[in-house]
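>>> give me coordinates for this.
(one chain, ligands or ions: 1)
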Amino acid sequence: MLSFVPGTIRVRIATAADAEATAAIYNAEVLGAMTTFDLVPRTVRAQQGWLAGHGGVYPAVVAEVDGGVLGFGALSPYRNRPAYATTVEDSVYVDEGARGQGTGRAILTQLTELARSGGFHTVIAHIAGDNDASVALHQACGFALVGVEREIGRKFGTWLDVAIFQYML
Ligand SMILES: CC(C)(COP(=O)(O)OP(=O)(O)OC[C@H]1O[C@@H](n2cnc3c(N)ncnc32)[C@H](O)[C@@H]1OP(=O)(O)O)[C@@H](O)C(=O)NCCC(=O)NCCS
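Now for the predicted structure:
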C-alpha cells in the first residue's frame with residue numbers, strides 16, 4: 001500500500017509491465033472488500049492476460065506519479081450481444097494509500113474521454129454494496145443512478161446489492 005503521493009498525477013495507457021502493480025491494487029480489494037465480486041486473487045500472469053485483453057476502444061489505463069502506479073482503470077464491453085456495442089462499462093481501482101487525492105477522478109475522467117473518442121454512446125458503472133467512495137467518484141464525474149439490483153451477489157457471508165450508474169456521452 002502506498003502512503004505518500006508527491007508530484008502530479010499522470011494517466012497513461014497501461015502496458016504488460018503494469019501487471020504486478022495493478023494486480024496488487026486489485027487483489028487488496030478481492031481479499032478485503034466488497035468492491036469487486038471476484039473471490040480469488042489474480043496472479044500476475046492472469047493480470048497480464050487481463051491487460052492484454054484491453055486495447056483499442058477498450059483500453060486499460062494507469063495513474064502514476066513519479067513512475068509509481070497509484071491506480072488503474074479500464075473500459076470493458078458492457079454485454080456481448082451486438083446491439084449493446086455502443087455501451088461500455090468502466091472500472092476504477094486506486095491504491096488504498098493514494099485515495100482521496102484526485103486519482104480516481106483523474107482515471108475516470110480519462111476513461112470517459114476515451115469512451116467518447118472511441119465512439120460510444122453511454123458508460124455504465126456497476127457499484128457493489130455500500131461503496132460510498134465509488135458512488136461519490138461517479139457522481140463527481142457526472143454519472144447518475146439509474147437502478148439497483150437487490151442481493152445479486154454474496155461475499156464474506158453478506159448479500160450485496162449492485163447500484164447501476166450511467167453517464168450519457
Ligand atoms: C472509488 C475510488 C476509486 C475513488 O478513488 P479516489 O482516488 O479516492 O477518488 P478521488 O480522490 O478522485 O475522489 C473523487 C470524488 O469522490 C469523493 N470521494 C472519494 N472518496 C470518498 C469517500 N470515501 N466518501 C465520500 N466521498 C468520497 C471525493 O470527495 C471526490 O469528489 P470531489 O472531486 O467532488 O471532491 C477508491 O476509493 C477505490 O479504489 N476504492 C476501492 C475500489 C473501488 O471501490 N472501485 C470502484 C468499484 S465500482
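>>> quick check: residues of this structure near the ligand?
Counting by CB under 6 Å from any ligand atom, the positions of the chain adjacent to the ligand are 29, 35, 92-94, 99-105, 125, 127, 131-134, 136-137, 140. All C-beta spots, glycine's among them, are computed from the backbone N, C-alpha and C.
>>> in helices, which of these fall?
With helices taken from DSSP state H, the overlap with the residues of the chain next to the ligand comprises Glu29, Thr103, Gly104, Arg105, Asp132, Ala133, Ser134, Ala136, Leu137, Ala140.
>>> could you single out the nearest of the residues you listed to Val69?
Set against Val69, the nearest of these by CB to CB is Thr103 (10.1 Å).
>>> so what's the residue count around that closest one?
Thr103 has 26 neighbouring residues, counting by other CB atoms under 10 Å.
>>> smallest gap between this structure and the ligand, at which residue?
Residue nearest to the ligand within the chain: Gly104 (2.4 Å; CB to the nearest ligand atom).
>>> wait, doesn't that residue sit right on Gly71?
Yes: the criterion here is CB atoms under 8 Å, and Gly104 meets it with Gly71 at 6.6 Å.
>>> shared neighbours, the two?
Common contact partners of Gly104 and Gly71 (CB atoms under 8 Å, 6 or more residues apart in numbering): Val92, Val94.
>>> in the sheet, who's paired with the closest residue in space to Ala144 that isn't next to it in sequence?
Computed as CB to CB, 6 or more residues apart in numbering, the closest residue to Ala144 that is not its neighbour in sequence is Gln166, at 6.2 Å. Following DSSP bridges, Gln166 is listed with bridge partners Ile124, Ala144.
>>> helices of this protein, start to end?
19-32, 44-52, 103-117, 132-140.
>>> show me the contacts for Phe143.
Per CB under 8 Å, 6+ apart, neighbours of Phe143: Val123, Ala125, Phe165, Gln166, Tyr167.
>>> gap between it and Ser134?
Phe143 sits 10 Å away from Ser134, going by CB to CB, to the nearest Å.
>>> which neighbours do those two share?
Ala125.
>>> just checking, Phe156 touches Met34?
Yes: in this structure, Phe156 is within contact of Met34 by CB under 8 Å, at 7.0 Å.
>>> okay, those two: which has more neighbours?
Met34 (15 against 9).
>>> need the contact list for the closest residue to the more buried one other than its chain neighbours.
Leaving out its chain neighbours, the residue that sits closest to Met34 by CB to CB, 6+ apart is Gly129, at 4.0 Å. Residues counted as contacts of Gly129 (CB under 8 Å, 6+ apart) are Met34, Thr35, Thr158, Leu160, Asp161.
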